[in-house]
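**Q** here you go, sequence then predicted model.
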Amino acid sequence: MHNRLTHFAINADDVEETQRFYASVFDWQFRAYGPPGFVQILDENGTEPVGSIQQRRDLLDDAPTRGFECTFGVDDVESVRRDVLEAGGRILMEITEIPQVGRLLAFADPGGNPVLAMQYDRTE
């Protein structure tokens with residue numbers, strides 16, 4: 001099964017301030033993309049997205065998401081959902097379609113850590 005880290009997101013209360021911080025520290029470049037409060041972090045050439053900064057949200061009940069949020073690319077998000085439940089995890093966000101991107105699932109591992117799995121649309 002395809003299950004490699006494909007995306008990371010930094011959750012922020014102030015997306016613009018966080019952009020300024022990482023631009024100063026790592027010389028990162030950004031591009032507005034998708035919904036308000038979401039920017040892509042671009043590779044060293046300034047062309048390809050490697051991550052994002054996004055408006056902070058609560059994936060866990062009454063607990064703002066802190067730190068880096070990791071998304072793993074998977075071949076079958078439905079089977080990942082089943083496996084999560086069978087292995088003792090819990091679903092935080094049911095499978096959601098993101099147009100022109102794919103199907104996203106958020107879950108918590110037994111320790112309560114939020115994880116995301118994305119079945120990307122095939123563009124062949």
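**A** Everything's here; your move. Residues are numbered from 1 along each chain as shown.

**Q** residue ranges with poor pLDDT in the chain?
**A** For the chain, the stretches flagged by pLDDT under 70 are 1-2, 123-124.

**Q** show me where it has its strands.
**A** Secondary structure of the chain by DSSP state E: the strands cover 3-12, 29-32, 38-42, 49-55, 68-74, 90-98, 102-108, 114-120.

**Q** could you check how far the closest residue to Ser52 other than its chain neighbours is from Leu60?
**A** Nearest in space to Ser52, with sequence neighbours left out and distances taken as C-beta to C-beta, 6 or more residues apart in numbering, is Ala9 at 4.7 Å. In this view, the C-beta of every residue, glycine as well, is placed from N, C-alpha and C. Note on Ala9: its distance to Leu60, by C-beta to C-beta, to the nearest Å, is 15 Å.

**Q** and what of Pro36?
**A** Relative to Leu60, and taking C-beta to C-beta, Pro36 is found at 23 Å.

**Q** list the contacts for Leu42?
**A** If a contact means C-beta atoms under 8 Å, 6 or more residues apart in numbering, then Leu42 has Trp28, Gln29, Phe30, Arg31, Glu48, Pro49, Val50 as its contacts.

**Q** next, count neighbours for the nearest residue to the last one once chain neighbours are set aside.
**A** Counting by C-beta to C-beta, 6+ apart, Val50 lies nearest to Asp43, which is 5.2 Å off, once chain neighbours are set aside. Residues near Asp43, counting by other C-beta atoms under 10 Å, number 13.
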